[in-house]
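In: Coordinates only, no sequence provided:
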């Protein structure tokens, strides 16, 4: 499992209805993954949402990660 940026405490303003902590699971083999991944992390920061980012390593890995880690996050 590759954690890209650990916990990223955002500096923007957060909507009270927004999740407090999110997990972003990305497939590095996807065509536009790198740019979409950077954009998503930037959006979380701008909204003041803390987030962790994990890259998948094999087929089915995203589902495994989501099942294992979902309880620790407000959104996956």
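Out: Good, I have the coordinates. On a predicted model such as this, the values are computed, not experimentally measured, just so you know.

In: The most centrally placed residue in the chain: what's it in contact with?
Out: Note on the chain: the residue nearest the mean C-alpha position is residue 24, at 1.9 Å, using CA atoms, centre = their mean. Shown in contact with residue 24 (CB atoms under 8 Å, 6 or more residues apart in numbering): 37, 40-41, 44, 51-54. All C-beta atoms are positioned from the backbone trio N, CA, C, and that covers glycine.

In: Just the buried positions in the longest helix along the chain, please.
Out: Ranked by residue count under DSSP state H, the longest helix found in the chain is helix 33-46. Neighbour counts over helix 33-46 (16 or more other CB atoms under 10 Å) mark 37, 41, 44-45 as buried.

In: And the next helix or strand past the lowest-mean-pLDDT helix or strand in the chain?
Out: Lowest by mean pLDDT, DSSP states H and E among the helices and strands of the chain is strand 2-3, with a mean of 41. Using DSSP states H and E, the helix or strand that directly follows strand 2-3 along the chain is strand 21-26.

In: Just the angle for that following strand relative to helix 33-46, thanks.
Out: Between strand 21-26 and helix 33-46, the angle comes out at 170 degrees (axes from the mean of the first three to the mean of the last three CA atoms, to 10 degrees).

In: Renumber starting at 692 from here on
Out: Sure, I'll start numbering at 692, so the last one becomes strand 712-717.

In: Now do strand 712-717: distance to the chain's middle.
Out: For strand 712-717, the separation from the chain centroid amounts to 2 Å (computed by CA atoms, centre = their mean, to the nearest Å).

In: next one: stretch 735-745
Out: For stretch 735-745, the distance to the chain centre is 7 Å (CA atoms, centre = their mean).

In: Could you list the low-pLDDT ranges of this structure?
Out: For the chain, the stretches with pLDDT under 70 are 692-710.

In: how does it look with 90?
Out: Counting by pLDDT under 90, the chain has low-confidence residues at 692-712, 721-726, 728, 735-736, 738-742.
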